[in-house]
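Chemist: need coordinates for the following:
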Amino acid sequence: MTKYGAIQVNDDDNTSVGSAALRRSSSNYESNAHGHLAPTWFRVTIVAVAIILVLAFFPKSNFAGSSSDTTASTLTILGMLDDNATEDDHDPNEALFYDKQLVNHFTDDPVESAKTWSNRYYKSTKYYKGAGSPIFLIVGGEGAIEKMLYPFVTEHLAPRFGAAVIQIEHRFYGPYQPIMGREATVKELLELLTPQQAMADMVYLTKHFKDELVCSKHTRKSSKYCPVITVGGSYPGFLSAMFRLVYPDFVDISYASSAPLKLYDQSTSQYVYYDIVTDAAEKMSKGCAKAVRDTLEDASEDILNAKSVNAAIKNYDMDAYPPGKDTGLYKGCQVFQHKHGSPLQKVGKFFALVGTNEEFEKEYPQLIGQEETPCFDLSIFLPDGENARVTTSDWSGSGGGNDGHKWDFQLCTLVVDPIGFSSKSMFPKRHWTYEALTEYCQSRYGKEVVPQPYALVDEFGFDDLVKTGASRILFTNGLQDMWAGGSYLENVSDSILALNFENGAHHSDLSHVGPSDNDTDDIRLGFVQITNILAGWLDDIKAESNNN
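Modeler: Residues are numbered from 1 along each chain as shown. Modelled structure (predicted):
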């Protein structure tokens, strides 16, 4: 058991902190009853190439940039929620703020327990049919959220079920944070930047939203009970599943896409991530893996013997879905497989493709259309904070700025993802170790930061979902997705299901486009299967309510 607990949600609307294990074991009802944010192919491949180049040319360099132990506690919190429902003609892409979000949900200190912050969120009640209808909670993750993310949820699932939708921004990501006006200290981050705190935020915001919608006070016996369905992809997919696991009396269903539970419980091979990247590239363009491997090995040797790397770095997006010659993955492979040009020229041409990529242009507009820029600026991947490096705690890529800083910190504490490069990978072999991670994290944040790779799984028990009494969790995976290697690919029980898509990449079912004519047949079928599974579980919940 770790030092963190879980907020208990009772029918009388009181919430209190208790151990997650105790919370699960006390729920006999649930034991018997049958969610910009993720790295794209661009980030994966660019980070891999950048790591190789940085290590080759600057093996000891930090690429330095500019310029907190937690105690367990118990707390009883009376509801601080609005009782009056409101009419809603709100634009779902316009931000709202929940001003009563607690800075620290797990403290006994009376002063600290009273501190609040403004949590950004988005909502849509366009298709909401009234009290008793479901609520979809889209879970935010390791990046700022500027609008509603998933059209499949807002424009397909919501009208199908007459549901309301709410989307929460994860604490410490984006411009609105629990600590405003200054940088949070390492001690504060250790206490406040955790999945446990993030899930407690979700409890409070969802309770607030339920009150707006005139839903019942968290009892399934009422006809006005609004079932909560959490939705997330990648790290938010993990949070979606954990929210259902830790708060089974509050969350009814989890839809978790590309959710790397097995990566976070440390049970999957560290090499599976980039091995899948390699296999996907080879499937897209036969011979790609060898071409990339040979080019990077030769380029690394050339870089070590060169005076500069000016021609080596520009950028590109490596998307793998929908499959075909228009994808970034295929185009990138063609650069490396071209018969002419030196290794460094091929690497340079690969990065130079950035100018044609709309997603990259939106994220890094400062690099587009600047012909005078002599080379790609690696500092865009440099997280904020002291002692920052391009090669961070996350070898799949932390990203730059504030979001990169906070994700880097999370992977130095509780959310540890072991990702290395095998000899099978198209990238030069590099072994990942806990010792090297600890050394990096302490050089970045200080000796008080010690990675705890088993803390979350010891607390939540997500390495054995059946034993923990979990139910109504749907895992979806694109088999061309590197995160699929760390997710559940088979049904765990009758109510913990897995859907796999042969042509799918990273949460392709939860794209920012939604169902479209470009989707492959397996993804189209997946939309139908997902809808039917959710419909069946919602019927079960309604039946259980009627029987009680």
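Chemist: could you pull out the strands in the stretch 51-200 of the chain for me?
Modeler: In the stretch 51-200 of the chain, the segments counted as strands under DSSP state E, counting those that start in this stretch are 76-77, 96-102, 116-124, 135-139, 164-168.
Chemist: any chance of these in CSV, with mean neighbour count, distance to Val214 and mean pLDDT too?
Modeler: All C-beta atoms are positioned from the backbone trio N, CA, C, and that covers glycine. Formatted as CSV, the strands of the stretch 51-200 of the chain follow (neighbours: other Cβ atoms under 10 Å; distance: least, Cβ to Cβ, whole Å; pLDDT from 0 to 100):
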stretch, mean neighbour count, distance to Val214, mean pLDDT
strand 76-77, 12, 22, 26
strand 96-102, 17, 18, 98
strand 116-124, 22, 15, 98
strand 135-139, 27, 12, 98
strand 164-168, 26, 11, 98
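Chemist: okay if I get those strands as JSON lines plus distance to Leu192?
Modeler: Output for the strands of the stretch 51-200 of the chain, formatted as JSON lines (distance: least, Cβ to Cβ, whole Å):
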{"stretch": "strand 76-77", "distance to Leu192": "17"}
{"stretch": "strand 96-102", "distance to Leu192": "10"}
{"stretch": "strand 116-124", "distance to Leu192": "10"}
{"stretch": "strand 135-139", "distance to Leu192": "18"}
{"stretch": "strand 164-168", "distance to Leu192": "16"}
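Chemist: nearest to His506, of these?
Modeler: Closest approach to His506 among these is made by strand 135-139 (15.7 Å; Cβ to Cβ).
Chemist: how far does the closest one sit from its chain's centre?
Modeler: 14 Å (Cα atoms, centre = their mean, to the nearest Å).
Chemist: partner strands of that strand, with direction?
Modeler: Here strand 135-139 is paired, per DSSP bridges, with strand 164-168 (parallel), strand 228-233 (parallel).
Chemist: let's have these in CSV, adding distance to Gly287.
Modeler: Putting those into CSV (distance: least, Cβ to Cβ, whole Å) gives the following:
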stretch, distance to Gly287
strand 164-168, 42
strand 228-233, 31
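Chemist: residue closest to the middle of the chain?
Modeler: Tyr235 (2.5 Å; Cα atoms, centre = their mean).
Chemist: surely it meets Gly141?
Modeler: Yes: between Tyr235 and Gly141 there is a contact under Cβ atoms under 8 Å: 4.5 Å.
Chemist: quick revisit: right, and the strands of the stretch 51-200 of the chain - which one's nearest Glu282?
Modeler: strand 135-139 (32.8 Å).
Chemist: neighbouring contacts of that closest one?
Modeler: Defining contact as Cβ atoms under 8 Å, 6 or more residues apart in numbering, one finds that strand 135-139 is touched by 35, 148-150, 153, 157-158, 163-168, 170, 202, 206, 209-210, 213, 215, 226-232, 236-237, 239-240, 243, 251.
Chemist: mind giving me the ChimeraX select for those residues, buried ones only?
Modeler: In ChimeraX, this line selects whichever of the contacts of strand 135-139 come out buried by 16 or more other Cβ atoms under 10 Å:
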select :35,148,149,150,153,157,158,163,164,165,166,167,168,170,202,206,209,210,213,215,226,227,228,229,230,231,232,236,237,239,240,243,251
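Chemist: tell me what the longest helix seen in the chain is packed against?
Modeler: For the chain, the helix that runs over the most residues, judged by DSSP state H, is helix 521-547. Using 3 or more Cβ pairs under 8 Å, 6 or more residues apart in numbering; DSSP states H and E as the contact test, the elements touching helix 521-547 are helix 158-161, strand 253-257, strand 473-478, strand 496-501.
Chemist: let's have those in TSV, adding distance to Leu296.
Modeler: Output for the helices and strands packed on helix 521-547, formatted as TSV (distance: least, Cβ to Cβ, whole Å):
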stretch	distance to Leu296
helix 158-161	45
strand 253-257	31
strand 473-478	25
strand 496-501	29
